[in-house]
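> Prediction below, plus the sequence it came from.
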Number of protein chains: 2
Amino acid sequence: MDKTFSQWKKTCLNKLDLSKKGSVDQDIEHVVSLINSCEEYFTTSSCSGRIILIDAATENSDVQKQNCTWLFVSHQKCTLDDLIHGLTKSIGDAVLKFEPFVLHVQCRKLEDAQLMHSVAINSGFRNSGLTVGKTEKIMMAVRSTHGLEVPLSHEGRLLVGHEYIHFLTQIANQKMEENLRRIHRFYHNLQSALTKETLQIHDPPGSQDIQHPLKSLETEKEKKTSVYKRRRKREKHRTTSECCHVDGSSSVQEQDDYLHLFT
Amino acid sequence: MDKTFSQWKKTCLNKLDLSKKGSVDQDIEHVVSLINSCEEYFTTSSCSGRIILIDAATENSDVQKQNCTWLFVSHQKCTLDDLIHGLTKSIGDAVLKFEPFVLHVQCRKLEDAQLMHSVAINSGFRNSGLTVGKTEKIMMAVRSTHGLEVPLSHEGRLLVGHEYIHFLTQIANQKMEENLRRIHRFYHNLQSALTKETLQIHDPPGSQDIQHPLKSLETEKEKKTSVYKRRRKREKHRTTSECCHVDGSSSVQEQDDYLHLFT
């Protein structure tokens, strides 16, 4: 264990939570705990996903979140009344957003970050990626492509009817449900990956045939393989239709590379 | 120069463009050319940014893009008529999206990817990140947080009025303008970074004082420093307000780390 990393981790986890909310969101407490229980990782920021209604000053509504008022925020599903009530307070340009699960994990080594990245991609968090700092600080950001961003008022005047806002409530709540399913998948894939890693590192030769207390390795392996196959199939479908310039090898190959990191 | 990487690059650039469009988007041709002119990099896919109207089958509209019909797509600004015309063809759940500039760059070494990442972050592409594959394949994805995703019809029935669609047209076009400004910033920051890198690697000692044919290094350095200061200021503002769990050091420090990569 690298001493600098463990010191970093200790300092970080002992610090005050500086977020507005001041604590980890309930729906991801188990994910954050699992990660922080591993020597190789610690979390630096997170959000389980939220539905927000922000009111931006009209002149810069398209770019920045600064000078914004929060009219409503929820980390759970919302109701039509929540949104209608929030919108009555709008004096600028109100926008409804669904922001999915996001997580920043500092990783001890590049291999540790690769494993975490692989789990994230295979759990549906396609916009995840690494940052390698000048001082060898390695961060992995878990990010989804899953969003919603709907302008609803201009200079305080509502631009749509209540029926439409009701429809949006359903869409936002469906996205929240899908977001929770992905978090669940991420947690279980991470658990499997870490179990396998631990067994490979610490167990004596031959011991991998022994039934693991939680689940058998074979079952885990089968499960993982099927997840990757599904993922690759989806990627292949996507590649030629969604980008404007794609080279022959492109993202399919790119995905394949890290999909096999721990298979 | 690593032979494997240069072979990879040659093979990739000689391949057919497999995208739907079959070519690099006009607004980023210069960016793609600049990157591909460097030994350390080549692009594998790109999109300059686009306004799209997709029609999804009702049952899976919230999750997948599969089984979607494209009602309208433009890499330039759009008009109200474009969207209205597209919407008349909707039989499922139509959604208007603005998808910003995205670029995948394969990088020779980790340091090369770090430089490219640093340029992307400092040009406003906050969701950019690296992927390091099992076979040491290093990809850098340039991604923005800048989006728009507005459901407009359900089972072919329009849910909003034409006045609202007119407003959306303006918002989407403003986002397209901001997107082009960021591409411009990315191109110029990249040009400066690569110029500095080349000078540092190839020029004899002392030659850095000589006026560079394009611009003086001092001017470049000043410009870069100011870009980073601006960026850090913005990051500091953001950190405590947007996340649900943030440790004391968190993203400010994280940003600082790679912001200095080539200062």
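All right, it came through fine. Numbering: from 1, shown residues only, chains lettered A, B, ... in the order given.
> Just want the angle from the biggest helix by length in chain A to helix B:162-202.
Ranked by residue count, the top helix of chain A under DSSP state H comes out as helix A:162-202. Computed by axes from the mean of the first three to the mean of the last three C-alpha atoms, to 10 degrees, the angle separating helix A:162-202 from helix B:162-202 equals 30 degrees.
> any idea of the mean pLDDT for helix A:162-202?
Taken as a whole, helix A:162-202 has a mean pLDDT of 91.
> Show me what that helix is packed against.
Contacts of helix A:162-202 with other secondary structure elements, assessed using 3 or more C-beta pairs under 8 Å, 6 or more residues apart in numbering or on different chains; DSSP states H and E, are made with helix A:29-36, strand A:41-56, helix A:80-88, strand A:93-107, helix A:110-122, strand A:148-151, helix A:217-242, strand B:148-151. For the C-beta atoms, the positions are set from N, CA and C on the backbone; glycine is no exception.
> Residues in contact with the last one: which ones?
Right, strand B:148-151. When contacts are defined by C-beta atoms under 8 Å, 6 or more residues apart in numbering or on different chains, strand B:148-151 is touched by residues A:147-151, A:167-168, A:171, B:61, B:93-98, B:159, B:168, B:171-172, B:175.
> Number of residues surrounding whatever residue of the stretch 1-150 of chain A ends up closest to chain B?
With distances taken as C-beta to the nearest C-beta, the stretch 1-150 of chain A approaches chain B most closely at A:G129, which sits 1.7 Å away. When counting by other C-beta atoms under 10 Å in any protein chain shown, one arrives at 26 neighbours for A:G129.
> Let me see the contact set for the spatially closest residue to it that is not a sequence neighbour.
Distances taken as C-beta to C-beta, 6 or more residues apart in numbering or on different chains place B:G129 nearest to A:G129, at 1.7 Å, with adjacent residues excluded. Residues in contact with B:G129, defined by C-beta under 8 Å, 6+ apart, are A:N127, A:S128, A:G129, A:L130, A:T131, A:A141, A:R143, B:H117, B:M140, B:A141, B:R143.
> Output the helix or strand where A:M139 lies as PDB, restricted to C-alpha atoms.
In this structure, A:M139 sits in strand A:138-142 according to DSSP states H and E. Extracted C-alpha coordinates of strand A:138-142, given in PDB (Å, rounded to 0.1, in the frame of the first residue of the first chain):
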ATOM      1  CA  ILE A 138      -5.800   9.300 -10.300                       C
ATOM      2  CA  MET A 139      -9.600  10.000 -10.300                       C
ATOM      3  CA  MET A 140     -12.400   8.000 -11.900                       C
ATOM      4  CA  ALA A 141     -15.600   9.800 -12.600                       C
ATOM      5  CA  VAL A 142     -18.800   7.700 -13.000                       C
END
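> What angle do strand A:93-107 and it make with each other?
Between strand A:138-142 and strand A:93-107, the angle formed by their directions is 140 degrees, by the same axes, to 10 degrees.
> Who are the packing partners of strand A:138-142?
Using 3+ C-beta pairs under 8 Å, 6+ apart, strand A:138-142 is in contact with strand A:93-107, helix A:110-122, strand A:129-132.
> so which of the ones you listed gets nearest B:D55?
Counting by C-beta to C-beta, B:D55 lies closest to strand A:93-107 out of these; the figure is 20.3 Å.
> Now do the closest one against helix A:80-88, angle only.
Note on geometry: by the same axes, to 10 degrees, strand A:93-107 and helix A:80-88 are set 110 degrees apart in direction.
> Now do strand A:93-107: distance to the chain's middle.
8 Å (C-alpha atoms, centre = their mean, to the nearest Å).
> try stretch A:184-194
Shown here is stretch A:184-194, whose average C-alpha point lies 13 Å from the average C-alpha point of the whole chain (C-alpha atoms, centre = their mean).
> Need the contact partners of stretch A:102-114.
Outside stretch A:102-114, the residues that reach it (C-beta under 8 Å, 6+ apart) are A:1-2, A:5, A:8-9, A:12, A:28, A:31-32, A:35, A:39-47, A:49, A:116, A:130, A:132, A:137-144, A:258, A:261, B:110, B:132, B:134, B:243, B:250-251, B:254.
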